[in-house]
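Novice: Can you look at this prediction? I've put the sequence above it.
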Amino acid sequence: MLNIFTLVNGRLFQEEIESLEELSRFQPIWVDLESPTLEEKRWVKQYFGLSIPDDAMDEDIEESARFYEEDNGDLHIRSDFLIADEDAPRTVRVAFILNQHNQDLKSRGVLFSIHDEDVPVFRLLRMRARRAPGLIEDAKEVLLKLLDADAEYSADTLEGIYDELEKVSSQVLAGDVTDAMAGEVLGAIARHEDMNGRIRRNVMDTRRAVSFMMRSRMLNAEQFEEARQILRDIESLDNHTAFLFDKINFLMDATIGFININQNRRVTQLTMLSVVFLPMNILAGMGGMSEYSMMTAGIPWPISYAVFVIGSAMIGLITYRVVRRVDQKKARRAIHK
């Protein structure tokens, strides 16, 4: 899909292009190619004289391959944009090409963006630019506003993570965390930790793109100050992601602690049962010996075995009371300490 954006009275107007003839009727400041076809690339090549690299959206992490300027004046920036989808959070690589110096090319003063899928930040900027006259002045402003909107989108996502973690925190700190609840909490914490990590990586990438624009000296004084403000916002976001990582680790440790408490409680119960039944097992072993029959000779077996069962139950009950009393004393001592 090939969309062009023209600037009229300080507002961005969008046009969807379906032929080379339609493209020649406009003077855009922004050309957006979403999953471009070979034919659309050919239109851009014929009209603007711009060849879109085949590796424009490759996942290359080397800074030298992502931020550079060609000899003909084309500035290349490859930046990642966050998509905070709950089911499949991800980042989308967007390649930007901007020529500000070579007057021999029709691409001068036009921002080209190439990406594989729609990006929420792009929709946000288009909506703002239609409603706010004077928001966009030139192609450089479009690129700067996109990076600014990306940082703001990350900030909104961080606020959502914080709100969700507050709900998780209230569940954990309320106590009496069952194993089923602990499983749900750990799943939620893992999702938020993954999203927080994606946001941190995304703002780091945005910082690199803004810093490259500042170093390239392509910005005027007002745009340069705006870029510095974006970097300050990113710095605060970086600190907030670190805070959320600490909160996530605390909730993770607290939840695992409750799981250990539940396991220790079960082990204690099993230990108590084994202690209670130990004397009874000894008596049962004695009852199965021939000596017991000799000891109870002359006594009707219903009476002897009834006395045996009652005695075993009484010994088991006494043992249970003793063990329970010892545990209660230990618990009181621990509380006083």
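Specialist: Right, received. Where do you want to start?
Novice: Can you give me the buried ones in stretch 186-196?
Specialist: 186, 188-189, 192-193, 195-196 (16 or more other CB atoms under 10 Å). From N, CA and C alone the C-beta is placed, and that goes for glycine too.
Novice: Pull out the buried positions in stretch 316-327.
Specialist: 316, 319, 323.
Novice: returning to what we had before: give me the subset of the buried residues of stretch 186-196 lying in strands.
Specialist: Residues of those located in strands (DSSP state E): none.
Novice: Make TSV from those residues and add distance to E70 and pLDDT to it.
Specialist: Output for the buried residues of stretch 186-196, formatted as TSV (distance: CB to CB, whole Å; pLDDT from 0 to 100):
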residue	distance to E70	pLDDT
L186	49	84
A188	47	87
I189	46	88
H192	41	89
E193	40	91
M195	36	92
N196	36	91
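Novice: Roughly how far does D85 sit from K167?
Specialist: According to CB to CB, to the nearest Å, D85 stands 20 Å off from K167.
Novice: L317 too?
Specialist: For L317, the distance to K167 (CB to CB) stands at 46 Å.
Novice: Then N220?
Specialist: 45 Å.
Novice: Go through the buried residues of stretch 316-327 and name the one nearest F212.
Specialist: V323 (70.6 Å; CB to CB).
Novice: can you give me the strands for this structure?
Specialist: Going by DSSP E, the chain shows strands at 2-8, 11-16, 30-34, 67-69, 74-83, 90-99, 111-115.
Novice: who wins for proximity to G175 among those strands?
Specialist: strand 74-83 (35.7 Å).
Novice: neighbouring strands for the closest one, and are they parallel or not?
Specialist: Its sheet considered, strand 74-83 pairs with strand 67-69 (antiparallel), strand 90-99 (antiparallel) by DSSP bridges.
Novice: Which of those sits closest to G49?
Specialist: Closest of these to G49 is strand 90-99, at 9.6 Å (criterion: CB to CB).
Novice: Extract the C-alpha set from the closest one and format it as CSV.
Specialist: Provided in CSV are the C-alpha atoms of strand 90-99 (Å, rounded to 0.1, in the frame of the first residue of the first chain):
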residue,chain,number,x,y,z
ARG,A,90,6.2,-7.0,19.2
THR,A,91,8.2,-4.3,17.5
VAL,A,92,8.1,-3.4,13.8
ARG,A,93,11.2,-2.3,11.9
VAL,A,94,10.6,0.9,9.9
ALA,A,95,13.1,2.2,7.4
PHE,A,96,13.2,6.0,6.8
ILE,A,97,14.9,7.7,3.9
LEU,A,98,15.2,11.5,3.8
ASN,A,99,17.1,13.8,1.4
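Novice: Would you indicate which residues of stretch 111-121 are buried?
Specialist: Per 16+ other CB under 10 Å, stretch 111-121 contains these buried residues: 111-115, 119-121.
Novice: what stretches of this protein score poorly on pLDDT?
Specialist: Residue ranges of the chain with pLDDT under 70: 55-64, 102, 269, 272-273, 275-299, 301, 304-305, 308, 327-328, 330-337.
Novice: And it, split by domain according to the record?
Specialist: 2-259, 260-336 (automatic domain parsing).
Novice: would you turn the strands of the chain into TSV with distance to V44?
Specialist: Output for those, formatted as TSV (distance: least, CB to CB, whole Å):
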stretch	distance to V44
strand 2-8	8
strand 11-16	15
strand 30-34	7
strand 67-69	19
strand 74-83	13
strand 90-99	10
strand 111-115	7
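Novice: between those strands, which one is nearest to L125?
Specialist: Across the strands of the chain, closest to L125 is strand 11-16 (CB to CB), at 8.1 Å.
Novice: what packs against the closest one?
Specialist: strand 2-8, helix 120-131 (3 or more CB pairs under 8 Å, 6 or more residues apart in numbering; DSSP states H and E).
Novice: does F112 really touch P36, like I thought?
Specialist: No. F112 lies out of contact with P36 (CB atoms under 8 Å); the separation is 10.1 Å.
Novice: which residues are common contacts for the two?
Specialist: 44, 52 (CB atoms under 8 Å, 6 or more residues apart in numbering).
Novice: Next, the contact list for I29, please.
Specialist: By CB under 8 Å, 6+ apart, the contact set of I29 is 5-7, 109-111, 136, 138-139, 142.
Novice: what do you get for F224?
Specialist: Counted by CB under 8 Å, 6+ apart, F224 has contacts M214.
Novice: now swap in F245 and tell me
Specialist: 193, 196.
Novice: From L124, how far off is the residue nearest the centre of the chain?
Specialist: Closest to where the C-alpha atoms of the chain average out (CA atoms, centre = their mean) is M195, at 0.7 Å. Computed as CB to CB, the M195 to L124 distance reads 19 Å.
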